[in-house]
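*Asks:* give me a 3D structure for the following:
(chains A and B)
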Amino acid sequence: MERFTLLRMRTNSGVICMIFVLFLCCTTGKCKLQETKPTNSVSLDTVKPYPNDIGEPQPYPEEEKGKLPVFTMNYSRIQIPFEFTLWVLLASFSKIGFHIYQKITIWIPESCLLIGIGLIVGGIMYSVKEEPPAVLSSDVFFLYMLLPIVLDNGYFMPTRPFFENVGTVLWYAVVGALWNSIGIGLSLFTICQFEVFDLQDINLQENLLFASIISAVDPVAALNVFEDVGINEQIYIVIFGEGLFSDAVTVVLYSMFAFLANMPAIDSIDVFLGVARFFVVGIGGVLFGLLFGFMAAFTSRFTSRVREIEPLFVFMFSYLAYLVAELFAISSVMAIIICAITMKYYVEENVSQRSCTTIRHVVKMLATISETLIFFFLGVVTITTVHEWNWAYILFTLLFAFLWRGLGILVLTQIINPFRTIQFNLKDQFGLAYGGLRGAICFALVFTLGDTINRRNLFVTASVAIIIFTVFIQGISIRPIIEYIKIRKTNKDLNTINVTIHTRTMEHLLCGIDDLCGQWGHYYWKDKFKRFNDRFLRRILLRDRKAESSIVSMYKKLELQNAIELLDTTMGDISAAPSLLSLQDEKKEASRPKKKFKATDIKKMHDILSKNMYRIRQRTTAFTSKHSLPDDSQTREILIRRHASIRRSLRAENFREQPAQNISKSLRYYSLQPGGNLDSALPLRRRSHGEQDLLLNSFD
Amino acid sequence: MGSSRSSLRGVPDGQQLLQETGFSAALLLRLHQRFQFLDKDSRGHLRSEDLEAELSENPIGDRIVGAFFQPGQETVDFPSFVRVLAHFRPTEKNWTRDGVQPEPANSRNRKLKFAFQLYDQDRDGKISRTELLQVDTTNTYTVKSKLSMKPLNTTC
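*Replies:* Next comes the predicted model:
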């Protein structure tokens, strides 16, 4: 009951905070409104009044001669950063607000909630006749807001599954985007031919342009749901990669079609040029990304004396890659992704542990802020823009978007399935098709439509309608549907303990055989790349010129992790406190019928088991969630094993000193009797301080 | 395809292995290359050290290696290598049990037997309690003090 009231209080205070910040935003907006009027009227005067006279409360207007103002206010000076901070805070507060009540975020994806709050704020601003800041204008969006999200995607991309599936991902992204755009564009064009819908003035180029805009997928909400549900890695990585690259492809298509839309007539040579441009843009992006990635890696080689600014290079070089690519109108998204992937491997080896953590954390933080702001402003700007509603166009756009995506996935999968070792079945395809939500890229692109297109408002309305529809309806319903059709999940299921252990054994077996056979298919290229890497790249780009990574630094990082884990775990090892049972209990138990374990106990046993079981070597993908930092303790198993043996010897003294007062003199069982309580069986033991210090001090 | 058949000349008992295990010629060739790669001194057979080098990270690596070696043998040659790996081919759905041909290596029965042998380290045809417990403990890496061998009354 207490917890409930506490929750209520926290929710209330969260709501109060939000209302307060809302109020602040609106009033500052109002101040701006009041300010602009006076400045407009006095701009004609040559004599400028004191800069802090405008908008300032002036208690004694007569006394202007020489009195020192005790309290002044100068709003215009800080206006832009102040408002920016308030908007960011407002969006972040709403994010906090959602997570206070956990159950909402399970059923309704965060993007929906953010758009919802944005709609409310937009409504408020509209009613006070206020213009929201032009955040989603093309320059601000593409130069500042898109960048952290793409950097985050690239930096935390699970590289191994990605490279194993790179063909599939590119296939779906590139050919899928083309298929979708052309399909939707042509169908909409045929719809426009009907006079009854009053759409005759939209020609083919404009339709294609619009179609290319709305074929960009932004599967953020879908990815969150997929990860929660534990879907299998293949679908995850395909949707992840597709979302990533479809941004790049869509922007390219958009610029191509925009150019074509402005031309009065199209020759066949233009189509050819278009295709050539496509390749130039894509490959150019990759090359720029590689260039800047290597430059960043090379720079990080020399930063051992200036550890504090190491994270800076990562960000600056990625930003540089992005900007230079934009300069040449090459796919900047591709550039930054490739830059991040190349950079990460070498930089993380050169850089100190703290800088590594800092980089990761800052990348995540920037990406989360950006995403929050984008969805938030989507809601705000929806209300405040000028709309033109045309039932036919919008409904048909929705219909065709679904139709073509579904068809596209179906056809593309049929073609690519024979080339894959793990093929997609129908359920997977459904998951892929349904996970194609539209998002912010659509929105930003549609705002950059020039004014030469006379039906611009219609396009804006249609894309907003699609985005809201897909995010809300598809985003909310994807979770129950996925769980209902029982899509293939990863091997991280929560089974009975028995099944878990033995499944794990089988997986180790398969991994082992895999290792013995060498990795099939890609092995040849991987081997070649590895050799090239060892011989040239590592020598140039890494500070310690060893063929493999230094065992000592890995050992240090690992020991640090272990120390942290020791501080965290309260349950401790299974062995540390064996269950206590006396002979008499056992005799009684034998006569009692066997009961099942309590659900909570089983869950705790699973937790203990999962903390202590060896993990499979990279077979099950380490998902990098959009909203949390990745966990990379999986790759250190061999050192963990050796660690455990060292710790065993270190702690052997402590164990022997442990007085056996806790443990009864009777037989010690390694089992828990059914019906018994796990908590009583494993009494909590805090580690002694001395042991922790020993571990922490031995490595620095 | 004549060209791939002729390239099996380097493989000992190539044709026979093809029929026995059901691998395609390309796969067999690949396995042969892998065998030669693992066999670093070009002896023509593998010792357990060669296999263990690949499986050092695996908690049940020693059992897997043990599955390759027949009891008492120190080395494994290429046909035995391939025969063990043949267990891991996907099962053929249209294989019917007709008693005449010997059961192929990748039938469900043979796979189960292989898995059974992983648990049954002393090869007496039964999995004893000790062996089961050993599998459980090799899967986890916490410090284990005295393990009791009393009956486990768990029903989880």
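
*Asks:* where does chain B dip in pLDDT?
*Replies:* Along chain B, segments meeting pLDDT under 70 span B:1-11, B:57, B:91-106, B:140-156.

*Asks:* mind naming the longest helix for it?
*Replies:* In chain B, taking DSSP state H as the definition, the longest helix is helix B:25-38.

*Asks:* please point out which parts of that one sit buried.
*Replies:* B:25, B:27, B:28, B:29, B:30, B:31, B:32, B:34, B:35, B:38 (16 or more other CB atoms under 10 Å in any protein chain shown). Glycine gets a C-beta too; all of them are placed from N, C-alpha and C.

*Asks:* check what pLDDT whatever residue of the stretch 151-300 of chain A ends up closest to chain B gets.
*Replies:* Nearest residue of the stretch 151-300 of chain A to chain B, counting by CB to the nearest CB: residue A:160, 15.3 Å away. Note on residue A:160: pLDDT of 72.

*Asks:* got the angle between the helix or strand encompassing residue A:513 and helix B:25-38?
*Replies:* Residue A:513 is part of helix A:497-517 when elements are defined by DSSP states H and E. Angle of helix A:497-517 versus helix B:25-38, following axes from the mean of the first three to the mean of the last three CA atoms, to 10 degrees, is 80 degrees.

*Asks:* helix A:497-517 packs against which elements?
*Replies:* Packing partners of helix A:497-517 (3 or more CB pairs under 8 Å, 6 or more residues apart in numbering or on different chains; DSSP states H and E): helix A:599-612, helix B:25-38, helix B:48-54, helix B:61-68, helix B:78-85, helix B:108-119, helix B:129-139.

*Asks:* apply 6 Å and report the result again.
*Replies:* Packing partners of helix A:497-517 (3 or more CB pairs under 6 Å, 6 or more residues apart in numbering or on different chains; DSSP states H and E): helix B:129-139.

*Asks:* give me the angle between the helix it packs on and helix B:108-119.
*Replies:* 80 degrees.

*Asks:* so is helix B:129-139 next to chain A?
*Replies:* Yes - for helix B:129-139 and chain A, the contact criterion (CB under 6 Å from any CB of the partner chain) is met by B:135, B:136, B:139.

*Asks:* the closest residue in space to residue A:486 that isn't next to it in sequence: neighbour count?
*Replies:* Nearest residue to residue A:486, sequence neighbours excluded (CB to CB, 6 or more residues apart in numbering or on different chains): residue A:427, at 7.5 Å. Counted with other CB atoms under 10 Å in any protein chain shown, residues neighbouring residue A:427 total 14.

*Asks:* check residue A:301 too.
*Replies:* Neighbours of residue A:301 (other CB under 10 Å): 18.

*Asks:* who's in contact with it?
*Replies:* Residue A:301 makes contacts with A:350, A:543, as judged by CB atoms under 6 Å, 6 or more residues apart in numbering or on different chains.

*Asks:* what about it, distance to chain B?
*Replies:* Distance, residue A:301 to chain B, by CB to the nearest CB, to the nearest Å: 29 Å.

*Asks:* quick one: buried residues of the helix or strand where residue A:242 lies?
*Replies:* Under the criterion of DSSP H and E, residue A:242 resides in helix A:233-262. By neighbour count on 16+ other CB under 10 Å, the buried set for helix A:233-262 is A:233-258, A:260-261.

*Asks:* does anything pack onto it? Which helices or strands?
*Replies:* helix A:159-164, helix A:166-170, helix A:176-192, helix A:204-214, helix A:332-350.

*Asks:* check these for me: which has the lowest mean pLDDT.
*Replies:* Across the helices and strands packed on helix A:233-262, helix A:159-164 gives the lowest mean pLDDT, at a mean of 77.

*Asks:* which residues touch residue A:213?
*Replies:* Neighbours of residue A:213 in contact, by CB under 6 Å, 6+ apart: A:442, A:445, A:446.

*Asks:* shaky segments in the stretch 1-150 of chain A?
*Replies:* A:1-65, A:130-138.

*Asks:* taking it, what residue is nearest to chain B?
*Replies:* Counting by CB to the nearest CB, the stretch 1-150 of chain A gets nearest chain B through residue A:106, at 27.4 Å.

*Asks:* helix, strand or coil for that residue?
*Replies:* Look at residue A:106: counting by DSSP: H, G, I helix; E, B strand; the rest coil, its state is helix.

*Asks:* what's the neighbour count on it?
*Replies:* Neighbours around residue A:106, by other CB under 10 Å: 10.

*Asks:* quick one: contacts for residue A:477?
*Replies:* Contacts of residue A:477 by CB under 6 Å, 6+ apart: none found.

*Asks:* now with 10 Å, please.
*Replies:* A:107, A:225, A:434 (CB atoms under 10 Å, 6 or more residues apart in numbering or on different chains).

*Asks:* report the buried residues of the helix or strand harbouring it.
*Replies:* Taking DSSP H and E as the definition, one finds residue A:477 inside helix A:475-485. Residues of helix A:475-485 classed as buried by neighbour count (16+ other CB under 10 Å): A:475, A:478, A:479, A:482.

*Asks:* now render these as TSV, adding distance to residue A:324 and pLDDT.
*Replies:* Shown next, in TSV, are the buried residues of helix A:475-485 (distance: CB to CB, whole Å; pLDDT from 0 to 100):
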residue	distance to residue A:324	pLDDT
A:475	35	81
A:478	38	83
A:479	41	82
A:482	41	80
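
*Asks:* quick revisit: which of the contacts of residue A:477 tops the neighbour count?
*Replies:* residue A:225 (24 neighbours).

*Asks:* any idea what sits nearest it, other than its immediate chain neighbours?
*Replies:* residue A:479 (4.8 Å).

*Asks:* how far away is that neighbour from chain B?
*Replies:* Taking CB to the nearest CB, one finds residue A:479 at 29 Å from chain B.

*Asks:* who are the contact partners of that residue?
*Replies:* By CB under 10 Å, 6+ apart, the neighbours of residue A:479 are A:106, A:107, A:108, A:109, A:221, A:222, A:224, A:225, A:226, A:228, A:229.
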